[in-house]
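In: need a structure here:
(one chain, ligands or ions: 1)
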Amino acid sequence: MSDEEFRAAMSRLAAGVVLVTAQEPPLAEGGPRGEDVGMTATAFMSVSLDPPLVLVSLREGSRMDDLLDEQPLWGVSLLSEAQRHVAGRFAMKGRISDRLLFADLPYARGELCGAPLMGGALATLECRTESRVPAGDHTLVIGRVLRAQVPPVEGGPLTYFRGRYRQLGN
Ligand SMILES: Cc1cc2nc3c(=O)[nH]c(=O)nc-3n(C[C@H](O)[C@H](O)[C@H](O)COP(=O)(O)O)c2cc1C
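Out: The predicted model follows:
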């Protein structure tokens, strides 16, 4: 099977889009807080209810994979159809800094994880890594959900299907 065939098949799996966020540790103890980092992801799922676990699959060597190797606390924002620009922004390759990417977006800092939780998201989660499982060229990061919130946001989810962002058709 070729990469092309695999990609084409998996592009037919409709997926919700999330923004995974985490804060870099401060450079020096007691120093200014580290930079916020975000990554658009569709390889995200609920795993277990008791205990509450979720999973995200991160490309090995990506900035978020490297960051979550040292930062156990992270956030997840389940994006709404009005947040296509957020998804596009945090999927850009070869970014040096995410500081400006957050600057004009509404977010609140998670009380437990310290990561940005996006305003306008359908739901937000605060997580702590339970285990990291190498899987091919990705790392499966399994996190315990410390807090889940459902803000009163109207509208449907942002989805991704056949290489394009979509809205639910109903
Ligand atoms: C719709 C969409 C879904 C994505 N899902 C994932 C994912 O689940 N896991 C992942 O590692 N990268 C995923 N990516 C790619 C990352 O968003 C992208 O590689 C990253 O933000 C760029 O930073 P990097 O150069 O450190 O990889 C996705 C991109 C898009 C557009």
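In: and the chain, which residues reach the ligand?
Out: 17, 39-43, 57-59, 62-63, 90-91, 93-94, 160 (C-beta under 6 Å from any ligand atom). (C-beta placed from N, C-alpha, C; glycine too.)
In: bridging residues for the most centrally placed residue in the chain?
Out: Closest to where the C-alpha atoms of the chain average out (C-alpha atoms, centre = their mean) is residue 20, at 1.9 Å. Counting by DSSP bridges, residue 20 forms beta bridges with residue 39, residue 76.
In: thought it was touching residue 56?
Out: Yes: counting by C-beta atoms under 8 Å, residue 56 is a contact partner of residue 20 at 5.7 Å.
In: Overlap of the contact sets of those two?
Out: Residues touching both residue 20 and residue 56 (C-beta atoms under 8 Å, 6 or more residues apart in numbering): 41, 44, 76.
In: Could you dump those residues into CSV and include distance to residue 145, pLDDT and neighbour count?
Out: Supplementary listing: the shared contacts of residue 20 and residue 56 in CSV, determined by distance: C-beta to C-beta, whole Å; pLDDT from 0 to 100; neighbours: other C-beta atoms under 10 Å:
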residue, distance to residue 145, pLDDT, neighbour count
41, 16, 98, 23
44, 12, 98, 19
76, 9, 98, 27
